[in-house]
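**Q** Got a sequence here, can you model it:
(chains A and B)
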Amino acid sequence: MPESSSKDGRSPTRDYTIALARAFGGAVIFSLPIFMTMEMWELGVSANRLRLSLLLLLQIPLLIGLSHLCGFERTPSWFDDVVDAFVALAVGYVAAFVVLVMFGEITSTLRWDAAVGKIALQGVPGSIGALLAQSELGQHGGERIKNSGKSHKWQFLIMLVGSLFLGLSIAPTEEVIMLSQQMSAFQGIVMILVSLLIMHAFVYAVEFRGSAPVPENATLAGLFLRYTIPGYAVATLVSFYLLWTFGRIDGTSISSVIMACVVLAFPASIGAAAARLIL
Amino acid sequence: MASKKTPPDIPLIEWIVGGIGLVLVTSMIALLAYEEIAGDSSPPDVVLKIQSRHHLQQNQVISVTVMNQGGEPASTVKIQGELLNEQGDVVESALSEIDYLPARSEREAGLIFTRPTENFQVKLRALGYEKP
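**A** As a prediction, the model looks like this:
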């Protein structure tokens, strides 16, 4: 905390207030798509409580890791990362509460557990947004660790967050199951290959701003095997986890489950690749 | 650890993670390919089974397990339950609909009646479905 203060002669409190306001902005931007998705309101009420709790628990280490990468402040210690993760959670929940009350989705006649479920679910992308706002909308761009400085395991955390975020916005919709039903297995295979191609192109080939520089000793095929393939596997597992959390694949045969995962992994893998460029 | 052939060494763990990913992705593709080539393409075969009965405040509900034992998925599966008296006449009927019923999968539906269902013979059947 002391390190980040008074860079341009402002008090630490003022700096922190600004960072907090920015976090709220990030939370709202990131969660607007799901704030305004009908299925998400219903899932807040109907989703299996234990599975929802598991999602809430799992997001904590994820946010701590994310905070370590790009938090509210330049965080020197893990303790600060933990604090920042919980601040992000608070911001996400408050933002979700305010918006849902404004929408009339949370009213005084709603049972408390339904209200808690709605806020808890909608707060997940909000808290990711709150953390990212600092890195993406903030002024600290120059100080950020660049992609090249991040190790292999951090790349996977980034991909996990990216796929979770985009997957979460899409998983609750009925369209995922609908598409997986109307697509043939062959179209599913094409979708896997297209997802892999897009992921790889996004990060290594099309040279977006912030593209990961290709290390000298790495071949494109090597990078494909070390990052793109396991990255896609992460996106698929995240898709499976989200569909399971929302009860979308209960009592469903294996091949239908795989098709649903492939459909959701399409946006989730693009989210994973995009996150590597953005973060 | 420090090999001289490739100066900045790529740690073994990265190849292991890559290998695990490769196994996962190829097995998904293999399963889908098998499904495409040898998969069962029989029409949706909707089988209904009574799972439980409950007395509600105003009604009676029969929970029904709806299984699709065919090889193709079905959507908007309409199911009907009828209460028959001893003469075999329909006393009451109830309808429900399942949005999506994938192949070889099951979903649950509830049929609501006003009469105590134990006193009658319950006849269940699927009325129709839509191809997704």
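**Q** Near the residue of chain B found nearest chain A, how many other residues are there?
**A** Nearest residue of chain B to chain A (Cβ to the nearest Cβ) works out as B:Gly21 at 3.1 Å. (Glycine included, C-beta is placed from N, CA and C.) Counted with other Cβ atoms under 10 Å in any protein chain shown, the neighbours of B:Gly21 add up to 22.
**Q** pLDDT weak spots in the chain?
**A** Picked chain A for this. A:1-10, A:71-76, A:135-150, A:206-217 (pLDDT under 70).
**Q** The intended chain is chain B.
**A** In chain B (pLDDT under 70), the answer is B:1-8.
**Q** Contact distance from chain A - what residues of it qualify?
**A** B:6-8, B:10-11, B:13-15, B:17-22, B:24-25, B:28-29, B:31-33, B:35-36, B:39, B:73, B:75, B:99-100, B:102-108, B:132 (Cβ under 8 Å from any Cβ of the partner chain).
**Q** Restrict these to the buried ones and give me that as a PyMOL selection.
**A** Selection of buried members from those for PyMOL, criterion 16 or more other Cβ atoms under 10 Å in any protein chain shown:
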select buried, chain B and resi 10+14+17+18+21+22+24+25+28+29+31+32+35+39+73+75+100+102+103+104+105+106+107+132
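**Q** Identify the residues contacting the residue of chain B closest to chain A.
**A** Neighbouring residues of B:Gly21 by Cβ atoms under 8 Å, 6 or more residues apart in numbering or on different chains: A:Leu225, A:Ile229, A:Pro230, A:Gly231, A:Tyr232, A:Ala233, A:Val234.
**Q** Shouldn't the third one be within a helix?
**A** Yes - in this structure, A:Pro230 lies within a helix as judged by DSSP: H, G, I helix; E, B strand; the rest coil.
**Q** For it, which residues are in contact?
**A** A:Phe156, B:Val17, B:Gly18, B:Ile20, B:Gly21, B:Leu22.
**Q** So which of those belong to helices?
**A** A:Phe156, B:Val17, B:Gly18, B:Ile20, B:Gly21, B:Leu22 (DSSP state H).
**Q** what's the closest of those residues to A:Met259?
**A** Closest approach to A:Met259 among those (Cβ to Cβ): B:Gly21, at 19.5 Å.
**Q** And the nearest residue in space to that closest one that is not next to it in sequence, how close does it get to B:Val47?
**A** In this structure, B:Gly21 finds its nearest non-sequential neighbour in A:Pro230, 3.1 Å apart by Cβ to Cβ, 6 or more residues apart in numbering or on different chains. Using Cβ to Cβ, to the nearest Å, A:Pro230 is found at 40 Å from B:Val47.
**Q** and B:Ile16, how many residues sit next to it?
**A** By other Cβ under 10 Å, neighbour count at B:Ile16 equals 12.
**Q** cool, and A:Leu225?
**A** Neighbour number of A:Leu225 under other Cβ under 10 Å is 18.
**Q** Would you check that it makes contact with B:Gly18?
**A** Yes - here A:Leu225 reaches B:Gly18: they are 4.3 Å apart, a contact under Cβ atoms under 8 Å.
**Q** same for the helix or strand where A:Leu20 lies, what does it pack against?
**A** Secondary structure assignment for A:Leu20, by DSSP states H and E: helix A:12-35. Under the contact definition 3 or more Cβ pairs under 8 Å, 6 or more residues apart in numbering or on different chains; DSSP states H and E, helix A:12-35 sits against helix A:78-103, helix A:112-136, helix A:152-170.
**Q** B:Glu86: which of those is closest?
**A** By Cβ to Cβ (comparing all of these), the closest turns out to be helix A:112-136, at 44.5 Å.
**Q** and the angle from the closest one to helix A:12-35?
**A** 120 degrees (axes from the mean of the first three to the mean of the last three Cα atoms, to 10 degrees).
**Q** returning to what we had before: quick one: which of the contacts of B:Gly21 is most hemmed in?
**A** A:Gly231 (30 neighbours).
**Q** Including distance to A:Val45, could the ones in helices among the contacts of A:Pro230 go into TSV?
**A** Putting the ones in helices among the contacts of A:Pro230 into TSV (distance: Cβ to Cβ, whole Å) gives the following:
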residue	distance to A:Val45
A:Phe156	33
B:Val17	38
B:Gly18	41
B:Ile20	37
B:Gly21	36
B:Leu22	40
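**Q** Which members of those are the farthest-apart pair?
**A** So, the ones in helices among the contacts of A:Pro230 by Cβ to Cβ: farthest apart are A:Phe156 and B:Leu22, at 15.0 Å.
**Q** ok, A:Ser46 - contacts?
**A** Per Cβ under 8 Å, 6+ apart, neighbours of A:Ser46: A:Gly247.
**Q** Try it again at 10 Å.
**A** A:Glu39, A:Leu52, A:Ala114, A:Gly117, A:Phe246, A:Gly247 (Cβ atoms under 10 Å, 6 or more residues apart in numbering or on different chains).
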